[in-house]
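J.: Provided below for reference: sequence and predicted model.
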Amino acid sequence: MEFLLLVVGLLFGTVLIVGVGERIRLPYPILMLVFSALAASLPFVPDVHIDPELILPLFLPSLLFAAAQRSSWSVFRLRWRSLVLLAVLLVVVTVAAVAAVTWWLVPALGVPLAIALGAIVAPPDPVAVEAIAGKVRMRRRLLTVLQTEGLFNDAMAIVIFQTAVSATINNERVGWDIVPRFFLGAAGAVLLGIAMAWLVGALNRFVPNLVARSATTLVAPYAVYLLAEVAHCSGVVAVVVTAVELGRRARPQDSEERLTRSAFWEVLELLTTGIAFGLVGIEMRSVIDAEGPSLVRFVPGIAAVCAAVVLVRFIWMYVIYRMGGTERREKTPRSLKEVVVLTWCGMRGLATLALALALPSTLADGSPTPGRNFVVAVACSVLVVTLVLPGLTLPWLTRVLRLPDDREAEQQAQRALARRAERVALEAMQTSPAALKLPEGRRRALARRMSSLHTILEADYADDPDKMRRLKVVLAAMDRAQRDALDAARREMLAARNEPGNDPELVDRVLRRLDLRTMTLDR
């Protein structure tokens, strides 16, 4: 009962904090984390903790799925260099650097546990990046790089963590078998994700209920995540592939389903993010209270690891900048200012805390895991340095650096997509079988004034029943012509969404307008 009360309190707290964040222009996830950590010390707040092994399975699939829905295969094809350099190689380099610093400062920790610590603090959190950086007015190109990195870097970190923990518990060495494990797990996860997307599509064709079809998109990420974990594949990759493949399989005629699903996921993502960051804040406060005075002796190691995490990311981004960027067409970063922003947005979050708390407290022989308290303390400190501080200062940093604003270019790209949809719609309308039955004058009027034509004609013929009956036939043909035109426009936008160079989020904005116009027509 206490845990249920805590969850309800976090739900109400999320709604309140969102309002506060909008008023003071700060990201609500960070405010939720800070306020929940402060509230955890109040006497009437129950001392409730969630099983660490449940944190990732409960929150990561849905939040990862929500973020991946805003991407597409074309983005991955265009930014495959970013995926390799940031989501794989940067994670490996960060793990190596943190492990080296930790082993040098605390040799009693052992190499496997030092590597596990590196894996815990290495991956920037996709939820944090999407919830915080996405709310700041920055260039779409930078945000897309951060989103692409955040979708996949947990996969590499979790494999390294699991291997290092197994070696720690059994007093073994970490071997090179981690490389084939990662690639085999990723390949199996891709197959599982594609299969799950096909299954969801088949269920949607079988189930007529619109709400039930939207609900399958909530069940799917959890199902594929758990299946992947059971099959020793990457649950992270499986969820991302499922979301992106579902987007690729979207049909033009599913306007109502897209609108319903979009509203459903907006509410779900907001509340789940609030609960997740609220629990992170409570757990951080619990760790601080549990360690107490012992945290002081951890300060040198904590400072060294935090510095290594930030410095490695900055150097890596600078090297990419000096090499000419990660993309041929969309080079990122393009300046030292962008290097600083991309470094500052390397926010750790849910995965870091969950992995730290999931570290076993005993070894295979039953003895306590040496240095576990140090690892958990370092993980919480990295959260503060890379999540709380950047989250609160990112709006200020973007203003100070005065990065060029691409709002005009973004609007131009959206207008170009809208004109493309309009051109295809008008062409389809001119050749529609329903439109060909209309007089030439009516067809021209329909093309000019689709939204208000019904009202004009009905006002002209309201007093003549015979003309009104003939008018209804004409209006029915016009409705069919408009539907044909909107179907063609939606089909064109879904094709544009999978074309390299088009921002899926901008395409989705145009597609939403077309879906809303279709629903208005159907009413």
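T.: Perfect, I can see it now.
J.: against Leu90, how distant is Phe314?
T.: Relative to Leu90, Phe314 is positioned 11 Å away (criterion: C-beta to C-beta, to the nearest Å). Heads up, the C-betas are built off the backbone N, CA and C, glycines and all.
J.: between these two, which has more neighbouring residues?
T.: Leu90 (24 against 16; other C-beta atoms under 10 Å).
J.: quick one: contacts for the more buried one?
T.: By C-beta atoms under 8 Å, 6 or more residues apart in numbering, the residues touching Leu90 are Ala122, Glu149, Asn153, Val312, Arg313, Trp316.
J.: who touches the first one in this structure?
T.: If a contact means C-beta under 8 Å, 6+ apart, then Ala122 has Leu90, Val91, Thr94, Val95, Val98, Asn153, Ala157, Ile160, Val309 as its contacts.
J.: and of these, the nearest to Val378?
T.: Minimum distance to Val378 across the contacts of Ala122 is 8.8 Å, recorded for Val98 (C-beta to C-beta).
J.: how much space between that closest one and Ile160?
T.: 11 Å.
J.: point me to the helix or strand that includes Ala238.
T.: Using DSSP states H and E, Ala238 maps to helix 235-248.
J.: can you give me the buried ones in that helix?
T.: For helix 235-248, a neighbour-count test (16 or more other C-beta atoms under 10 Å) marks 235-247 as buried.
J.: thinking again about what came up before, what is in contact with Val98 and Ile160 at once?
T.: Here Val98 and Ile160 have Gly118, Ala122 as joint contacts, going by C-beta under 8 Å, 6+ apart.
J.: quick one: the helices in the stretch 251-400 of the chain?
T.: Using DSSP state H, counting those that start in this stretch, the helices of the stretch 251-400 of the chain run over residues 255-291, 299-323, 336-344, 350-357, 372-383, 389-401.
J.: for those helices, which one ends up most surrounded?
T.: helix 350-357 (a mean of 27; mean count of other C-beta atoms under 10 Å).
J.: chain center to it, what's the gap?
T.: Centroid separation between helix 350-357 and its chain, computed with C-alpha atoms, centre = their mean, to the nearest Å, is 18 Å.
J.: helix, strand, or coil at Leu42?
T.: Secondary structure, DSSP: H, G, I helix; E, B strand; the rest coil: Leu42 is coil.
J.: for Gly9, see how far away it is.
T.: Counting by C-beta to C-beta, the gap between Leu42 and Gly9 amounts to 11 Å.
J.: of the two, give the one with the bigger neighbour count.
T.: Gly9 (16 against 7).
J.: rewinding a little: helices - which of the contacts of Ala122 land there?
T.: Judged by DSSP state H, helices contain the following of these: Leu90, Val91, Thr94, Val95, Val98, Asn153, Ala157, Ile160, Val309.
J.: closest to Arg491 among those?
T.: Asn153 (34.5 Å).
J.: hang on, isn't the closest one packed against Pro123?
T.: Yes. Using C-beta atoms under 8 Å, Asn153 is in contact with Pro123, at 4.1 Å.
J.: common neighbours of the two, please.
T.: Jointly contacting Asn153 and Pro123 under the rule C-beta under 8 Å, 6+ apart are Val91.
J.: and these two? Which one has more around it.
T.: Legend: neighbour count by other C-beta under 10 Å for Asn153 and Pro123, higher for Pro123 (30 against 25).
J.: and the more buried one, that's in a strand?
T.: No. Counting by three-state DSSP, Pro123 is not found in a strand; it is coil.
J.: give me the domain ranges for this structure.
T.: 2-405, 409-522 (automatic domain parsing).
J.: could you say which of those domains is packed most deeply?
T.: Scoring the domains of the chain by mean neighbour count under mean count of other C-beta under 10 Å gives domain 2-405 as the most buried, with a mean of 19.
J.: for that one, give the mean pLDDT please.
T.: When pLDDT is averaged over domain 2-405, the result is 83.
J.: how far is that domain from where the chain is centred?
T.: 9 Å.
J.: may I have the secondary structure class of Asn133?
T.: Careful, residue 133 is Ala and not Asn. Secondary structure state of Ala133, per three-state DSSP, is helix.
J.: ok, it to Gly150 distance?
T.: Taking C-beta to C-beta, one finds Ala133 at 9 Å from Gly150.
J.: now do Pro252
T.: Counting by C-beta to C-beta, the separation of Pro252 from Gly150 is 30 Å.
J.: quick one, what contacts Arg251?
T.: Counted by C-beta under 8 Å, 6+ apart, Arg251 has contacts Leu494.
J.: surely Leu226 meets Leu56?
T.: No. The criterion here is C-beta under 8 Å, and Leu226 misses it with Leu56 at 11.1 Å.
J.: so Asp59 is in contact with Gly278, correct?
T.: Slight slip there: residue 59 is Phe, not Asp. No. Counting by C-beta under 8 Å, Gly278 is not a contact partner of Phe59; they are 10.8 Å apart.
J.: excluding chain neighbours, what is closest to the residue most central in space within the chain?
T.: Residue closest to the average C-alpha location in the chain (C-alpha atoms, centre = their mean): Ala67, at 2.2 Å. The shortest distance from Ala67 to any non-neighbouring residue, by C-beta to C-beta, 6 or more residues apart in numbering, is to Glu130 (4.6 Å).
J.: can you pull the contacts of Thr14?
T.: So Thr14 contacts Tyr28, Met32, Leu270, Leu271, Thr273, Gly274, Ile275, Gly278 (C-beta under 8 Å, 6+ apart).
J.: I misspoke; the intended subject was Gly371.
T.: So Gly371 contacts Val106, Ala108, Leu109, Gly110, Leu113 (C-beta under 8 Å, 6+ apart).
J.: name the nearest residue to Met284, sequence neighbours excluded.
T.: Per C-beta to C-beta, 6+ apart, closest to Met284 is Cys380, 5.0 Å.
J.: I'd say the one you found and Gly349 touch.
T.: No. Assessed by C-beta under 8 Å, Cys380 is found out of contact with Gly349, at 11.7 Å.
J.: could you pull out the helices for the stretch 101-250 of the chain?
T.: Under DSSP H, counting those that start in this stretch, the stretch 101-250 of the chain gives helices at 111-121, 126-132, 140-169, 178-206, 210-230, 235-248.
J.: of the ones you listed, which is nearest Arg23?
T.: Between Arg23 and those, the tightest spacing by C-beta to C-beta is seen for helix 126-132, at 17.0 Å.
J.: who does that closest one touch, helix- and strand-wise?
T.: The helices and strands touching helix 126-132, judged by 3 or more C-beta pairs under 8 Å, 6 or more residues apart in numbering; DSSP states H and E, are helix 28-39, helix 52-68, helix 140-169, helix 255-291, helix 389-401.
J.: residues making contact with the second one?
T.: With C-beta under 8 Å, 6+ apart as the contact definition, helix 52-68 has outside contacts at 50, 126-127, 130, 147, 150-151, 154, 217-218, 220-222, 224-226, 229, 235-236, 239-240, 242-244, 265, 268-269, 272-273, 275-276, 279, 350-351, 353-355, 357-358.
J.: report the angle between the helix or strand containing Arg517 and helix 255-291.
T.: Taking DSSP H and E as the criterion, Arg517 maps to helix 504-522. On the basis of axes from the mean of the first three to the mean of the last three C-alpha atoms, to 10 degrees, helix 504-522 is oriented at 130 degrees to helix 255-291.
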